[in-house]
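Visitor: next input, structure requested:
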Amino acid sequence: MKPALSSSLNKTVLVCIPSLFADIEARPCRIVAAEAFGLWLISRELSERLLADGKHDKDAAVQAIFVPFAQIAAIVPLVQAPVATAGLKAAASVQTTPATPKSH
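Guide: Numbering: from 1, shown residues only. Now for the predicted structure:
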């Protein structure tokens, strides 16, 4: 089953956009909307890359930026490891032995 982009809305994912960064490193971005031809992403690094030097305020709120699917090489959802619950002990390992057929 393929994951739908709608399940990643308002969540942080790793997005690889080689045409903007000239490498294949995936960077964290939050998907705020999905359209037929691309995604609206929020990322400080993406905003700083697209705005000319000295033309933006580093303390200003980061704006959503539309990135066409044709420019996106990969989208990787971030999966968080389950949080250990306090007070629970790890399950003991169970040893198995091969089954032997019964003689009649």
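Visitor: for the chain, which strand is longest?
Guide: strand 27-35 (DSSP state E).
Visitor: nearest residue to Ala74 in space, please, no chain neighbours.
Guide: With sequence-adjacent residues excluded and distances taken as CB to CB, 6 or more residues apart in numbering, Ala74 is closest to Cys16, at 4.2 Å. All C-beta atoms are positioned from the backbone trio N, CA, C, and that covers glycine.
Visitor: rewinding a little: what residues does the very next helix or strand once past the longest strand of the chain touch?
Guide: Proceeding C-terminally, strand 27-35 gives way to strand 38-42 as the next helix or strand, assigned by DSSP states H and E. Strand 38-42 is touched from outside by 5, 15, 29-34, 62-72, 75, with contacts defined as CB atoms under 8 Å, 6 or more residues apart in numbering.
Visitor: residues near Arg30, how many?
Guide: Residues contacting Arg30 under the criterion other CB atoms under 10 Å number 17.
Visitor: doesn't Ser8 make contact with it?
Guide: No: at 9.1 Å, Arg30 does not count as touching Ser8 under the criterion of CB atoms under 8 Å.
Visitor: please enumerate the helices of the protein.
Guide: 18-21, 44-50 (DSSP state H).
Visitor: show me where the chain has its strands.
Guide: Read by DSSP E, the chain holds these strands, from start to end of the chain: 12-16, 27-35, 38-42, 65-68, 74-77.
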